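Peer 1: okay, predicted coordinates and the sequence, questions at the end:
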Amino acid sequence: MQNKINNQWYVLALVILSGYLVYLLSPILTPFAVGALFAYLFDPLADKLEEWKLNRTLSVTVVFFVISLLVFAVLLLLIPALERQISSFIRNLPLYFEWLRENLSPWLERTFGIERDLFDINELTQLLKGHWEQAGGIAQSLLSGVTKSGLVIVNWLMNFLLIPVVTFYLLRDWDIITSRVSELIPRPYYRTVSTIAADANSVLSAFLRGQLSVMLALGTIYTIGLWVVGIELSLLIGMGAGLISFVPYLGTIVGLIAGVIAALVQFGDINHIFYVLIVFGIGQLLEGFVLTPLLVGDRIGLHPVAVIFAVLAGGQLFGFVGVLLGLPLAAVIMVLLRHGHERYMGSKLYGKENEISLTNKEESVRHQEGNPSDGKGEL
């Protein structure tokens, strides 16, 4: 008993020490955390290529080439287009606010008695435009931030160059690393730790590989649909709605409201509102009947509230590294809580064993009453 208590204190001290080391090393852990995330996401693809008789290095090279294409496509295509749409949104803010003032404000006043001049819309518009013009766009703000110091430039470039290198080597040796880690687990706890690790991997993969795929697919569907309708902010609204769709119905509601307002301001007719409703209706049907069953299945992922809390808490404690580590830690904690709950439900503290014992006794008594052993039962 004493050894068990000492082992528990040893594990607790190890966890605290690991967290403190992550806190101290968080400024240099970003490329390693990003590389580990990419390696975890794309390891199944490399394993699949190995099943097609390719060696590990060649499989990783093919996967790494695919990752590079995806990253460059995002950098070269999505970011400039997204910046143009954000700039257009900032320029058209007076139109959106004017529409809200003419349509929404009277309804709020009639229904809830809210005053029309509750906030100064013009002042808010000028404030947003001033900040955006001062920043000069996403690219310029990034460049102005990194050019203030030569050391900042070197650090930023080193992190950027380290990410592909770390990703390649981690992905190539991922199976070896996981095997070596499993060998470090004490044998008396191996079965329990392996079960918890497998459950945590199932939960995390259900969210990262499954839910992220659903989010990107929905963002693509919404973007293409709104672009076909003719909405100028199709990429901004579509991808925004897709990326926050991990919270059930939130992405649809936000995207639908933004799409309807954009259609009203841009076209001012009912037809385009109807088209926007059709786009998001098709997206919901595809999510419910195709995307979620195909990409996520019946695996239990992280609860949306747990995801939000993990990301915010990790970012508050450890910065960007905490954002990346928050989800894996949340998956492990959720699995530990689930296993702890199961053990508690079957423990003496909960009284389950006594309940089972009493139930067995009652069944035994009923069995004896229905099948007497003295031979005086029914003929």
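Peer 2: Thanks, I have it.
Peer 1: list the contacts of whichever strand or helix holds D199.
Peer 2: When elements are defined using DSSP states H and E, D199 is found to belong to helix 190-205. By CB atoms under 8 Å, 6 or more residues apart in numbering, the surrounding residues in contact with helix 190-205 are 182, 185, 299-302, 327-328, 331-332, 334-336, 338-339. Quick note: C-beta positions are derived from backbone N, CA and C, even for glycine.
Peer 1: show the contacting residues for the closest residue to G225 other than its chain neighbours.
Peer 2: Of all residues not flanking G225 in the chain, V279 sits nearest, at 3.4 Å (CB to CB, 6 or more residues apart in numbering). Neighbour list for V279: 221-222, 225-226, 228-229, 259 [criterion: CB under 8 Å, 6+ apart].
Peer 1: where does the chain have low pLDDT?
Peer 2: Scanning the chain for pLDDT under 70 picks out 1-8, 11, 108, 112-153, 297-301, 352-379.
Peer 1: cutoff 50 now
Peer 2: 119, 132, 134-139, 141-143, 145-148, 358, 373, 375-379 (pLDDT under 50).
Peer 1: give me the domain ranges for it.
Peer 2: According to automatic domain parsing, the chain is divided into the following domains: 197-301, 302-366.
Peer 1: highest mean neighbour count out of those domains?
Peer 2: Most buried of the domains of the chain by mean neighbour count (mean count of other CB atoms under 10 Å) is domain 197-301; its value is a mean of 18.
Peer 1: show me which helix runs longest in this protein.
Peer 2: Taking DSSP state H as the assignment, the helix of the chain that covers the most residues is helix 320-345.
Peer 1: taking helix 190-205 as reference, get the angle to that one.
Peer 2: For helix 320-345 against helix 190-205, the angle by axes from the mean of the first three to the mean of the last three CA atoms, to 10 degrees is 130 degrees.
Peer 1: could you number the chain from 32 rather than 1 from now on?
Peer 2: Taking 32 as the first residue, the last one we looked at is helix 351-376.
Peer 1: let me know the secondary structure of G269.
Peer 2: For G269, the assignment made with DSSP: H, G, I helix; E, B strand; the rest coil gives helix.
Peer 1: my guess is it contacts T254, does it?
Peer 2: Yes - between G269 and T254 there is a contact at 3.1 Å, judged by CB atoms under 8 Å.
Peer 1: can you tell me the SS state at S276?
Peer 2: Per three-state DSSP, the local secondary structure of S276 is coil.
Peer 1: about what we covered before: what separates the residue nearest to G256 from H303, distance-wise?
Peer 2: 10 Å (CB to CB, to the nearest Å).
Peer 1: common neighbours of these two, please.
Peer 2: Counting by CB under 8 Å, 6+ apart, the contacts common to V310 and H303 are V260.
Peer 1: got the contact list for the spatially closest residue to S244 that is not a sequence neighbour?
Peer 2: Leaving aside its chain neighbours, S244 sits nearest to L326 (4.5 Å; criterion: CB to CB, 6+ apart). Shown in contact with L326 (CB under 8 Å, 6+ apart): 240-242, 244-245, 248.
Peer 1: got those residues as CSV, with secondary structure columns?
Peer 2: Below are the contacts of L326 laid out as CSV (three-state DSSP):
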residue, secondary structure
R240, helix
G241, helix
Q242, helix
S244, helix
V245, helix
A248, helix
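Peer 1: nice, that's everything, thank you.
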